[in-house]
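Undergrad: sequence first, then the predicted structure:
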There are 2 protein chains.
Amino acid sequence: MQIAVVLFDRFTALDAVGPYETLGRLPGADLVFVAEHRGPVRSDTGALALTADRTLEEVTRPDIVVVPGGPGQSAQMANETLLTWLRTADAASTWTTSVCTGSLLLAAAGLLRGRRATSHWLALDLLKEFGAQPVEERVVIADKYVTAAGVSAGIDMGLTLLGRIAGDEHAQAVQLLTEYDPQPPYDAGSPHKAPARLVEELRSGSRFSLT
Amino acid sequence: MQIAVVLFDRFTALDAVGPYETLGRLPGADLVFVAEHRGPVRSDTGALALTADRTLEEVTRPDIVVVPGGPGQSAQMANETLLTWLRTADAASTWTTSVCTGSLLLAAAGLLRGRRATSHWLALDLLKEFGAQPVEERVVIADKYVTAAGVSAGIDMGLTLLGRIAGDEHAQAVQLLTEYDPQPPYDAGSPHKAPARLVEELRSGSRFSLT
């Protein structure tokens, strides 16, 4: 089963690596990182580069498409090369998935019209502009479209989809292998749980530059 | 503050990317991936390559050292170039950290003697051979040595250390930014929670090849 994880300039690394580390452990998985051009693709912080081993042109019929998000997503919203590839790949895929603002790229390609979908909490409302129905859940499955919330949610998405494809037992084995028994030192991972001031600071962009 | 994340052939990608995505968002962080040679370093599955932007020789006094683990760790246990670098970097570091079996490399370098430390659950007992005291906790802080359990525990480690260095509020902001509100679809992330058969399959190596 071929899994294509799409890379683009200024993607968020964990968006891509969460599904890679979980879903990529499907029995017989052939996971490949793809981008417009082969070679290193820089993440949003600039400190990490992940190699695209194949071009989009070279991988046209993956069984599973994974689209990460990140600050670089906005520059891709009018990239017809990528959007056309997404439409073509989706036409043959078994599952089309995203993490974080990757769902906005699926939406821009016209793939989420009329469907329930999620995204990073800061971007969730934008899904409406493309006819999708924003849902505040960590992982949303609508037919073959699986969207995950922000960044770390790709791990939960990967395990969830792994369970659907390979069965609960295999997904549990991967959870055990990756020792995914989360114990965050704080309980601030959603806008409903974090201090209101932090939510405001992230919304206004005063703490982190997200563009 | 310079953070050096060490790469070596057949590392586990999430071990490195968890701390990168959290701890790397320290205000003013200068995070750099380092390895013996510059260029792409392949992960354990072979499907991912992360770029080492600097050689070990070029980064000799990082403030924070992060050592991931993975199946490739065992081949590094006798790599004197790496072990010597770890000792030298540690002599000047503020924090020396690991994820997963990265703690065995710190231990092999002689840095954990007499100290409490953790590792991937499958490797925890091996710490004893190097005079460390294995502790079954997700994140263990012993003086300036911070060790994390397997793979995904690097996210919890990164946030914990971020809180120590930059304060709870900043760590919470990063948790919110990465939407780290984990909702695993199963509760099988530790050997105490997973079905006993899976624990046995991972111990015997019958489900995944881990060497």
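TA: Arrived safely. Numbering: from 1, shown residues only, chains lettered A, B, ... in the order given.

Undergrad: for residue A:65, give its distance to chain B.
TA: Counting by C-beta to the nearest C-beta, to the nearest Å, the gap from residue A:65 to chain B is 15 Å. C-beta here means a position set from N, CA and C on the backbone, and glycine is covered the same way.

Undergrad: which of the helices or strands spans that residue?
TA: Assigned by DSSP states H and E, residue A:65 falls within strand A:64-67.

Undergrad: now find how far off-centre that strand is within its chain.
TA: Distance of strand A:64-67 from the chain centroid (C-alpha atoms, centre = their mean, to the nearest Å) equals 8 Å.

Undergrad: now do stretch A:135-143
TA: Using C-alpha atoms, centre = their mean, the offset of stretch A:135-143 from its chain centre is 12 Å.

Undergrad: got the end-to-end distance for it?
TA: Stretch A:135-143 has an end-to-end distance of 15 Å (C-alpha to C-alpha, to the nearest Å).

Undergrad: and the nearest residue to residue A:182 once chain neighbours are set aside, what pLDDT?
TA: Among residues not flanking residue A:182 along the chain, residue B:182 sits closest, at 3.8 Å (C-beta to C-beta, 6 or more residues apart in numbering or on different chains). Residue B:182 is assigned a pLDDT of 98 by the prediction.

Undergrad: equivalent analysis for residue A:209, please.
TA: 71.

Undergrad: then residue A:124?
TA: So, for residue A:124, pLDDT stands at 97.

Undergrad: ditto for the one 5 residues further on
TA: Here, the pLDDT recorded for residue A:129 equals 98.

Undergrad: now swap in residue A:165 and tell me
TA: 98.

Undergrad: surely it meets residue A:27?
TA: No. Using C-beta atoms under 8 Å as the test, residue A:165 is too far from residue A:27 to be in contact (9.3 Å).

Undergrad: between those two, which one's more packed in?
TA: Counted by other C-beta atoms under 10 Å in any protein chain shown, residue A:165 and residue A:27 do not tie: residue A:165 has more neighbours, with 18 against 12.

Undergrad: now do the SS call for that one.
TA: helix (DSSP: H, G, I helix; E, B strand; the rest coil).

Undergrad: so how far is residue A:116 from it?
TA: Residue A:165 is 20 Å from residue A:116, where distance means C-beta to C-beta, to the nearest Å.

Undergrad: now swap in residue A:152 and tell me
TA: 21 Å.

Undergrad: so for the two, which sits in the more crowded spot?
TA: residue A:152 (30 against 17).

Undergrad: show me what contacts the more buried one?
TA: Residues counted as contacts of residue A:152 (C-beta atoms under 8 Å, 6 or more residues apart in numbering or on different chains) are A:14, A:18, A:189, B:155, B:178-182.

Undergrad: read off the pLDDT value for it.
TA: pLDDT, residue A:152: 97.

Undergrad: how about residue A:206?
TA: So residue A:206 comes in at 89 (pLDDT).

Undergrad: who touches it in this structure?
TA: Per C-beta under 8 Å, 6+ apart, neighbours of residue A:206: none.

Undergrad: confirm it sits in a strand?
TA: No. Note on residue A:206: no strand contains this position according to three-state DSSP, which reports coil.

Undergrad: and it, how far from chain B?
TA: From residue A:206 across to chain B, the span is 10 Å (C-beta to the nearest C-beta).

Undergrad: same question, residue A:197
TA: Residue A:197 sits 8 Å away from chain B, going by C-beta to the nearest C-beta.

Undergrad: burial count for that residue?
TA: Counted with other C-beta under 10 Å, residue A:197 comes out at 11.

Undergrad: in which helix or strand would I find it?
TA: helix A:196-204.

Undergrad: tell me the buried residues in that helix?
TA: A:198-199, A:201-202 (16 or more other C-beta atoms under 10 Å in any protein chain shown).

Undergrad: widest-spaced pair of those?
TA: A:199 and A:201 (7.4 Å; C-beta to C-beta).

Undergrad: can you name the element that comes right after the strand holding residue A:65?
TA: helix A:73-76.

Undergrad: that next one close to chain B?
TA: No. Helix A:73-76 lies out of reach of chain B by C-beta under 8 Å from any C-beta of the partner chain, never closer than 14.8 Å.

Undergrad: neighbours around the nearest residue to residue A:152 once chain neighbours are set aside, how many?
TA: Counting by C-beta to C-beta, 6+ apart, residue A:152 lies nearest to residue B:180, which is 4.4 Å off, once chain neighbours are set aside. By other C-beta under 10 Å, the residues close to residue B:180 number 29.

Undergrad: so how far is the helix holding residue A:197 from its chain's centroid?
TA: 23 Å.

Undergrad: how long is stretch A:128-142 end to end?
TA: Start and end residues of stretch A:128-142 are separated by 16 Å (C-alpha to C-alpha).

Undergrad: hey, where'd the strands end up in chain A?
TA: Here chain A has its strands, by DSSP state E, at A:2-6, A:30-35, A:39-42, A:49-52, A:54-55, A:64-67, A:95-99, A:116-117, A:133-134, A:139-142, A:145-148.

Undergrad: distance to residue B:105 and mean pLDDT added to those strands, as TSV?
TA: As requested, the strands of chain A are arranged in TSV below (distance: least, C-beta to C-beta, whole Å; pLDDT from 0 to 100):
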stretch	distance to residue B:105	mean pLDDT
strand A:2-6	28	98
strand A:30-35	26	98
strand A:39-42	25	98
strand A:49-52	23	98
strand A:54-55	32	98
strand A:64-67	31	98
strand A:95-99	30	98
strand A:116-117	42	98
strand A:133-134	44	98
strand A:139-142	35	98
strand A:145-148	32	98
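
Undergrad: to residue B:73, which of these lies closest?
TA: Nearest to residue B:73, of the strands of chain A and by C-beta to C-beta, is strand A:49-52 at 20.8 Å.

Undergrad: sorry, back to before: among the contacts of residue A:152, who's most crowded?
TA: If you count neighbours using other C-beta under 10 Å, the busiest of these is residue A:18, which has 35 neighbours.

Undergrad: isn't residue A:45 up against residue B:23?
TA: No. With contact defined as C-beta under 8 Å, residue A:45 does not count as touching residue B:23 (11.5 Å).

Undergrad: please consider this matter closed, and thank you.
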